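> give me coordinates for this.
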Amino acid sequence: MKIQYQLWLIYSTLFIIVSISVFVVISNRYEKHLQTGYEQLTITQGVTMLDRLKDTYPYTPNRSMGYLRTFSNQLNTRLIILDQEKRVYADSFGQLSQEASLNISILQREKEFISEFYNTQQYGYVQYTLVPFVTELGMEGYLLMIGEADQLYNEINSFQYWIIQMLIIAVTIFFIVSYFISNWFSTPIRKIILQLKKITPQKRSFTLKYKRKDEIKKLIDAIKNMVEEMNLYDERQRRFLSTSSHELKTPLATMQLILENLPYVREEEGMHTEFVQDLFFEVNKMKKMVEQLIEINRIWDKPLEIELVTDQDLKKHIQQSFQYIAESKNIVIEYELDTIKLYVDKTMFLRGLDNIVSNAIRYSTNNQLVKIRAKNLKEETQISIIDKGIGIAREDVQHIFEPFYRSNDATIWNQEGSGLGLHIVKQMVEMHKGRVEIDTEKNKGTTVHLFLKKPK
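Below you'll find the predicted structure:
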């Protein structure tokens, strides 16, 4: 079922339920109010009649009968005088004998003035009213009034019928209005669906004007961002594939050239050895490049395995991995570490850290200093790797995180690099919801800052 019809059905159902509830409440209150009015009127009539009747009770029953019949005819009500034991003294209809007992529930009540309504099969709605009295001589008695109450319930039924008519009109109007309201609410959703159907692998665009600031606006913005991210991802993928093909093509072309010329230098031992070494170098370079390409793809597919990494873990890992390489260039690795606790994917994080430290040592001259710093900030932990190496030119800084990008200075300084190391670092940091910043100046050195959020 379309959301428009679901909203329409929900609105209409709720309104019908509310309407029925309103009908029941108003009808009951009106009925109670009308009954109270009839009760008070009947009791007042009874008290008025007793001003004449109690003077004849209990010594002049004939006069009592005369008054009862007169009042009974005037009010169209059966009047019965009861003695203090609630036995019949006089009946305006003359059908009950004196001292007869009546089996009526109203006679069991203890209140002074009682009026109740009953629905009988033979006479329809009947009102019973019991009014107690005391004569001047102290004789107690009761006046029982029995009259038809059909007029009361006719008024109630007429009122209920009028209420039902009004509610039917209101429900009909609301039914129509709610249809247009649900249509108005669901129109943006239909437009969103229409725009989404236009998205194809060849054309991904989503444009929809929406002025209201509500959840639908947030949904539209989220879809726009998603489409933009998909387009950006596709663009990066195309660029990555193009660059990968180009970068892999270069060592393959070199290897092909070496292999084509290798037979011609077979008898020249020095030249032959040099060609083999060049071939081995290109094979290793391409192998490393392929491994890094596989690693880049695995980073996004592999779920994070969060572990605790401390400042001492960092120091121990760097010493084990780079102390020998640093000593070979007479480079000192210095540590300035606060007591930190990182909750990261240990393998992924240390691999990214290795790329940064490796670059710091690789692009530093002999007898230099590489500093590893860890600081506790308010909401983040900052890891900084500082070197005094060749630095990065200003025009190259904005590209250094792109895959396969290597500045001319880096290429001249070291032929073995693939241009994927910092790209892997950026992916690692983004997977941990962090950020990476670089401060660098050509010929003066580079500082790489990693900012990782502290757990809450």
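
> going forward, measure contacts and count neighbours with C-alpha atoms only.
Fine.

> gap between residue 227 and residue 315?
The span separating residue 227 from residue 315 equals 43 Å under the rule Cα to Cα, to the nearest Å.

> swap in residue 454?
Distance, residue 454 to residue 315, by Cα to Cα: 20 Å.

> what residue is smack in the middle of this protein?
Nearest to the geometric centre of the chain sits residue 215, at 10.2 Å (Cα atoms, centre = their mean).

> I'd like the next helix or strand past the longest helix along the chain.
Longest helix of the chain, by residue count under DSSP state H: helix 3-53. Remark: after helix 3-53, the chain's next helix or strand is helix 61-75, criterion DSSP states H and E.

> okay, angle between that next one and helix 3-53 too, please.
Angle, helix 61-75 to helix 3-53, by axes from the mean of the first three to the mean of the last three Cα atoms, to 10 degrees: 150 degrees.

> which other helices and strands contact helix 61-75?
helix 3-53, strand 77-83, strand 88-91 (3 or more Cα pairs under 8 Å, 6 or more residues apart in numbering; DSSP states H and E).

> these: which one's closest to residue 156?
Proximity to residue 156 (Cα to Cα) singles out helix 3-53 among these, at 6.1 Å.

> quick one: mean pLDDT over the closest one.
Regarding helix 3-53, the rounded mean pLDDT is 87.

> kindly report the same for stretch 176-193.
Taken as a whole, stretch 176-193 has a mean pLDDT of 83.

> and it, how far out from the chain middle?
Its chain's C-alpha centre and that of stretch 176-193 lie 21 Å apart, by Cα atoms, centre = their mean, to the nearest Å.

> for that stretch, buried residues please.
In terms of neighbour count (16 or more other Cα atoms under 10 Å), stretch 176-193 has its buried residues at 178, 179, 181, 182, 183, 186, 188, 189, 192.

> next, the first one: secondary structure please.
The three-state label given to residue 178 by DSSP: H, G, I helix; E, B strand; the rest coil is helix.

> OK, contacts around the closest residue to it other than its chain neighbours?
Nearest in space to residue 178, with sequence neighbours left out and distances taken as Cα to Cα, 6 or more residues apart in numbering, is residue 8 at 5.8 Å. By Cα atoms under 8 Å, 6 or more residues apart in numbering, the contact set of residue 8 is 175, 178, 179, 181, 182.

> can you list the domains in this structure?
3-157, 199-301, 302-453 (automatic domain parsing).

> what is the end-to-end distance of the last one?
Which is domain 302-453. End-to-end for domain 302-453, by Cα to Cα: 20 Å.

> mind checking how far residue 319 is from residue 77?
For residue 319, the distance to residue 77 - Cα to Cα - is 113 Å.

> any idea of the mean pLDDT for stretch 434-450?
Mean predicted lDDT for stretch 434-450 stands at 90.

> again, but for stretch 402-414
Mean predicted lDDT for stretch 402-414 stands at 57.
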